[in-house]
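Enquirer: sharing a model that was predicted from the sequence below.
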Amino acid sequence: MTLCAGKCTYETGGRCIVSLSEPLLKYRSVKELRETILHELIHAYLFVTSNDRDRNFHGKEFCFHMNRINKMSGLNITIYHNFHDELNYYRRYIWRCDGVCRNHPPYYGYVRRSINRKPGPADSWWNFHRKTCGGCFVKEAKTLPQINNLESLGTRPNGQTSSPNMHQDDILEIIEISD
């Protein structure tokens, strides 16, 4: 999981599983980890109490609980994360379209991926691209992973995270909620 910091999965029988992204969170502070967990727990709470299964929806009820928890805790739970350096670190495979979309903002025909998969019919935007551009994607490069300032992301020069109490194996499926 390298596109989102966390995910709340709803299963039959009223069960929720909160999963967290080790790759995105391993350079982050314990405070940011708590904020991410609480974000996903709000989704789980709304599912269990209101049968709200849309985990991408951050509406009135979500914002109410987010703001209430922020006020009580001093944390800063948000709707979206800002872990852009980490995202770019994992998006190593670069594809570029050879059609007309390569001349148009905002993407100029570029697609960056964390997996080596050529853009195609499995992508939700593929049919629109095929109709409006019709170009083919060509692999440009596999970038070398780099984060400019790991120190600011909580990593020491030796590569260890700054939180000695948090081991990378601790950030997977750590919470289960059932009604």
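Expert: All right, it came through fine. Numbering: from 1, shown residues only.
Enquirer: how many neighbouring residues does S124 have?
Expert: 6 (other CB atoms under 10 Å). In short, each C-beta sits where N, CA and C put it, glycine included.
Enquirer: buried sites along the longest helix seen in the chain?
Expert: Across the chain, the helix with the greatest residue count (assigned by DSSP state H) is helix 30-50. Neighbour counts over helix 30-50 (16 or more other CB atoms under 10 Å) mark 32-33, 35-48 as buried.
Enquirer: give the contact list for D98.
Expert: Contact analysis of D98 by CB atoms under 8 Å, 6 or more residues apart in numbering lists 109, 135-138.
Enquirer: same question for G120.
Expert: 126, 137.
Enquirer: give me the pLDDT value at it.
Expert: The model reports G120 with a pLDDT of 91.
Enquirer: so what does it have for phi and psi?
Expert: Dihedral pair for G120: phi -170, psi -160, per degrees, to the nearest 10.
Enquirer: measure it to G109 for me?
Expert: Plainly put, G120 is 15 Å away from G109 if you go by CB to CB, to the nearest Å.
Enquirer: could you do E140 as well?
Expert: 10 Å.
Enquirer: common neighbours of those two, please.
Expert: Shared contacts of E140 and G109, counting by CB under 8 Å, 6+ apart, come down to R96.
Enquirer: more crowded one of the two?
Expert: Neighbour tally, E140 and G109, criterion other CB under 10 Å: the higher count belongs to G109, 20 against 14.
Enquirer: so that one touches G135, yeah?
Expert: Yes. Shown here, G109 and G135 form a contact pair, counting by CB atoms under 8 Å, at 7.1 Å.
Enquirer: what is in contact with those two at once?
Expert: 97-99, 101-102.
Enquirer: dump those to a markdown table, plus pLDDT.
Expert: What follows is the shared contacts of G109 and G135, written out as a markdown table (pLDDT from 0 to 100):
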| residue | pLDDT |
| --- | --- |
| C97 | 93 |
| D98 | 95 |
| G99 | 94 |
| C101 | 92 |
| R102 | 91 |
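Enquirer: which one of those sits closest to F62?
Expert: Set against F62, the nearest of these by CB to CB is C101 (34.3 Å).
Enquirer: surely the closest one meets G135?
Expert: Yes. Assessed by CB under 8 Å, C101 is found in contact with G135 at 6.3 Å.
Enquirer: now do the strands in the chain.
Expert: 6-11, 15-20, 93-97, 110-113, 137-142, 173-177 (DSSP state E).
Enquirer: got TSV for these, with distance to S124 too?
Expert: Shown next, in TSV, are the strands of the chain (distance: least, CB to CB, whole Å):
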stretch	distance to S124
strand 6-11	17
strand 15-20	21
strand 93-97	16
strand 110-113	13
strand 137-142	15
strand 173-177	26
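Enquirer: could you say which one of those comes nearest to N76?
Expert: Using CB to CB, the nearest of those to N76 is strand 6-11, at 15.2 Å.
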